[in-house]
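> Sequence and predicted structure, then a few things I'm wondering about:
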Amino acid sequence: MAHETVIVLDFGGQYNQLIARRVREQGVYCEVKPYTTPVADLKALDPIGVIFTGGPGSVYDPAAPQADPELFRLGVPILGICYGCQLLAHSLGGKVAPAQSGAAREYGKTGTSFDPDCRLFRGLPAESVTWMSHGDYMEKVPEGFRLTARSAACPNVAIADEARGFYGVQFHPEVNHTEHGAAMLRNFLYEICGASGDWTMEDYKETAVRRLREKIGDGRVLLALSGGVDSSVAAALLAEAVGKQLVCVFVDHGLMRLNEGDEVEAAFSKWDVRFVRVNAGERFLSRLAGVTEPEEKRKIIGGEFIRVFEAEAKKIGRVDYLAQGTIYPDVIESGAGDAAVIKSHHNVGGLPDCVDFKEIVEPLRLLFKDEVRRLGRELGLPEYLVGRQPFPGPGLAIRCIGEVTRDKLDLLRQADFIFRDEIARAGLAGSMDQYFAVLTNMRSVGVMGDGRTYDYTLALRSVTTSDFMTADWTRIPYDVLDRISVRLVNEVPHINRVLYDITSKPPATIEYE
Ligand code: XMP
């Protein structure tokens, strides 16, 4: 079934996929297209509206991306955001100029007044905070347009030609810092474009499955499965699309949390896919013996993972596609472009470079984490796989300070389980973004029964964060911390002291190594 479609026309801004995501959140299907896409191709999509994104250029620079005049004759509403707003003004006879000496140039949160009669702002407060990032401003508004928002520094924050359905905003409604940004986008989609909200995650799943089938044909796909949310959802999606042609290789490096390897295996054995679990714990432990330096540990684990994976891939034989659970934030962070045909080199997942694949398949590449979780639920993945917190590739090795030994790992696994169990019992799991135990290499003196102990100190870490780039330590109630501490020293042998980490990031990092 064809859905009402909104086109996000990409002029090179940073937030293009975020705009697309905000449109999807409102239940409207959308596609991001480069601004160079021929208008005839856009017309073929039968859009109900078009959004011009921001971009790094200045519209009066002859080399800057321009809008094809035909776009304004499509007969559908257009919303221009930041550069897109200036482009709208510039293309329709207005004048855009560099802001003079800071006046009208705005960056960051800005108090803004709105005309509530404008359909874009209808039903919203007359004053609120918007998030700006522009050095140019509209000196002259094009004919037929009126000003619909202003700030202290800039009289021309938003423009509208309601008769033609053309709207422009200098600020970014798609970022959370713009107080009513989501409601403005909703007004654009529902009040101005007339959307009915006919798109759901189920539709996304169906479209993704269809596209994967078209792309993969009868080829064979190998997926490196870590058991984390992203690769698990990618596996479930590929299983739905090309079940029999998929092989999932799960390298269990023995550095997983309590029962984790078995849980991953149990979840995937229910799907009609070939699932290969490689129990490589011994191999990893022997390579890590005597190693204490954090970077060296990471390098050994990364290198060993590749060797085990390659050995399995060779056993499997011909493989056409290598699949990965790369998601959009990974793409932004690694700064990667649209990788298409490769002879697999090291990429976001750090996979092998001497096994030949025709191409890499990344079905989640345009989704954000919470969308990946929703898709996972839609695909029927169990909640403990979909809702789990991030877990680093090197696993417990980077939470076991100093040398990694089987005994220390066993202690840590038990302690980590108790911590998570008590957090779940206290009903706090949903309010903490990542929480885990760390076995410090420190020993200290204690007294248990009538005897002296000289045992390990365990650290508990919990952070609250939205992007994991910065993080605050979670204010866990004292009585919960108390219960956790009592259980830890009673139930886990060789732990006689428990510390709670109250450092934010920065200056600390989330993990210890
Ligand atoms: P840091 O410790 O850098 O961690 O503050 C930020 C986030 O990244 C996770 N992390 C990793 N994830 N491979 C991963 O897949 C890794 O090597 C790795 N190291 C850190 C960490 O758990 C946190 O969520």
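Happy to help now that I have it. Values in this document were obtained by computation on a predicted structure and should not be read as measured data.

> So, low pLDDT: which residues of the stretch 251-400 of the chain?
331-356 (pLDDT under 70).

> repeat that for 80
Applying pLDDT under 80 to the stretch 251-400 of the chain flags the ranges 270-271, 329-357.

> following the helix or strand where D410 lies, which helix or strand shows up next?
D410 belongs to helix 406-425 when assigned by DSSP states H and E. Following helix 406-425 in sequence order, the next helix or strand is strand 434-448 (DSSP H and E).

> got the contact list for that following strand?
With contacts defined as C-beta atoms under 8 Å, 6 or more residues apart in numbering, strand 434-448 is touched by 389-390, 399-402, 408, 411-412, 415-416, 418-420, 423, 452-463, 465, 468, 471, 474, 489, 496-497, 499, 501, 510, 512. C-beta coordinates here come from the backbone N, C-alpha and C atoms, glycine included.

> roughly how far apart are I327 and E362?
I327 sits 9 Å away from E362, going by C-beta to C-beta, to the nearest Å.

> quick revisit: which strands or helices does the helix holding D410 pack on?
Counting contacts by 3 or more C-beta pairs under 8 Å, 6 or more residues apart in numbering; DSSP states H and E, helix 406-425 is packed against strand 434-448, strand 451-464, helix 478-491.

> residues of the first one that come out buried?
By that I understand strand 434-448. Neighbour counts over strand 434-448 (16 or more other C-beta atoms under 10 Å) mark Q434, Y435, F436, A437, V438, L439, T440 as buried.

> would a markdown table of those with distance to the ligand and pLDDT be doable?
Shown next, in a markdown table, are these (distance: C-beta to the nearest ligand atom, whole Å; pLDDT from 0 to 100):
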| residue | distance to the ligand | pLDDT |
| --- | --- | --- |
| Q434 | 5 | 96 |
| Y435 | 11 | 98 |
| F436 | 8 | 98 |
| A437 | 13 | 98 |
| V438 | 11 | 98 |
| L439 | 16 | 98 |
| T440 | 16 | 98 |
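
> Could you report the pLDDT at R22?
Confidence at R22, expressed as pLDDT, is 94.

> Quick one: name the residues of the chain near the ligand.
Residues of the chain lying near the ligand by C-beta under 6 Å from any ligand atom: P390, P392, G393, P394, Q434, F468, K505, T509, I510, E511.

> hmm, back to that, for the helix holding D410, C-alpha coordinates in CSV please.
C-alpha atoms of helix 406-425 as CSV (Å, rounded to 0.1, in the frame of the first residue of the first chain):
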residue,chain,number,x,y,z
ARG,A,406,38.5,-16.9,35.2
ASP,A,407,38.0,-16.5,38.9
LYS,A,408,37.8,-12.8,38.8
LEU,A,409,35.3,-13.0,35.9
ASP,A,410,33.2,-15.4,37.9
LEU,A,411,33.1,-13.0,40.8
LEU,A,412,32.3,-10.1,38.6
ARG,A,413,29.5,-11.9,36.8
GLN,A,414,27.8,-12.8,40.1
ALA,A,415,28.2,-9.3,41.4
ASP,A,416,26.9,-7.7,38.2
PHE,A,417,23.9,-10.0,38.3
ILE,A,418,23.0,-9.0,41.9
PHE,A,419,23.3,-5.3,41.1
ARG,A,420,21.0,-5.6,38.1
ASP,A,421,18.6,-7.8,40.0
GLU,A,422,18.2,-5.4,42.8
ILE,A,423,17.8,-2.5,40.4
ALA,A,424,15.0,-4.4,38.7
ARG,A,425,13.4,-5.2,42.0
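
> on that earlier part again, check the buried residues of strand 434-448 and tell me the two furthest apart.
Across these, no pair lies farther apart than Q434 and T440, at 18.1 Å, counting by C-beta to C-beta.

> G168 looks like it's in a helix, true?
No - assessed with DSSP: H, G, I helix; E, B strand; the rest coil, G168 is strand; it does not lie in a helix.

> Following the record's annotation, map out the domains of this protein.
5-192, 201-386, 399-500 (automatic domain parsing).

> Number of residues surrounding K33?
18 (other C-beta atoms under 10 Å).

> Quick one: residues contacting it.
Residues near K33 by C-beta under 8 Å, 6+ apart: I7, V8, L9, D10, D41, L42.

> Out of those residues, which sit inside strands?
Here DSSP state E is the test, and those give I7, V8, L9, D10 as lying in strands.

> Between those residues, identify the one with the most neighbours.
Neighbour counts for the ones in strands among the contacts of K33, by other C-beta under 10 Å, peak at V8, which reaches 28 neighbours.

> looking at it, that residue is touching I51, isn't it?
Yes - if you go by C-beta atoms under 8 Å, V8 and I51 touch, sitting 4.9 Å apart.

> Which residues are in contact with each of the two?
Joint contacts of V8 and I51 (C-beta under 8 Å, 6+ apart) are I19, V23, C30.

> now, which of the residues you listed sits nearest the ligand?
Nearest to the ligand out of those is I19 (C-beta to the nearest ligand atom; 25.6 Å).

> buried set for the strand or helix carrying the closest one?
When elements are assigned from DSSP H and E, I19 belongs to helix 16-25. Using 16+ other C-beta under 10 Å as the test for burial, helix 16-25 gives N16, Q17, L18, I19, A20, R21, R22, V23, R24.

> same question, stretch 359-375
For stretch 359-375, the neighbour count (16+ other C-beta under 10 Å) marks 359-369, 371-375 as buried.

> thinking again about what came up before, including distance to A63, could the buried residues of helix 16-25 go into TSV?
Below are the buried residues of helix 16-25 laid out as TSV (distance: C-beta to C-beta, whole Å):
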residue	distance to A63
N16	20
Q17	24
L18	26
I19	24
A20	26
R21	29
R22	29
V23	29
R24	32
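
> from the buried residues of strand 434-448, which is closest to G219?
When the buried residues of strand 434-448 are ranked by distance to G219 (C-beta to C-beta), Q434 comes first, at 36.6 Å.

> What sits closest to the closest one if chain neighbours are left out?
Q389 (4.8 Å; C-beta to C-beta, 6 or more residues apart in numbering).

> Check whether that neighbour really touches D433, as I assumed.
Yes - under the criterion of C-beta under 8 Å, Q389 makes contact with D433 at 6.7 Å.

> Of those two, which one has the most company?
Taking neighbours as other C-beta under 10 Å, Q389 and D433 compare with D433 leading, 18 against 15.

> So what touches the longest helix along the chain?
Across the chain, the longest stretch assigned as helix under DSSP state H is helix 294-316. Helix 294-316 is contacted by residues 220, 222, 224, 247, 249, 251, 253, 255, 276, 278, 280, 283-284, 287-288, 291, 319, 350-352, 354-355, 393-395, 397-398, 404, 513 when judged by C-beta under 8 Å, 6+ apart.

> One more pass at 7 Å, please.
Residues outside helix 294-316 that contact it (C-beta atoms under 7 Å, 6 or more residues apart in numbering): 222, 224, 247, 249, 251, 253, 276, 278, 280, 283-284, 287-288, 291, 319, 350-352, 354-355, 394, 397-398, 404, 513.

> got it, and stretch 367-377?
21, 201, 204-205, 229-230, 232-233, 236, 327-329, 364, 385-387.

> what about 6 Å?
Applying C-beta atoms under 6 Å, 6 or more residues apart in numbering, the contact partners of stretch 367-377 are R21, M201, D230, V233, I327, Y328, L364, V386.
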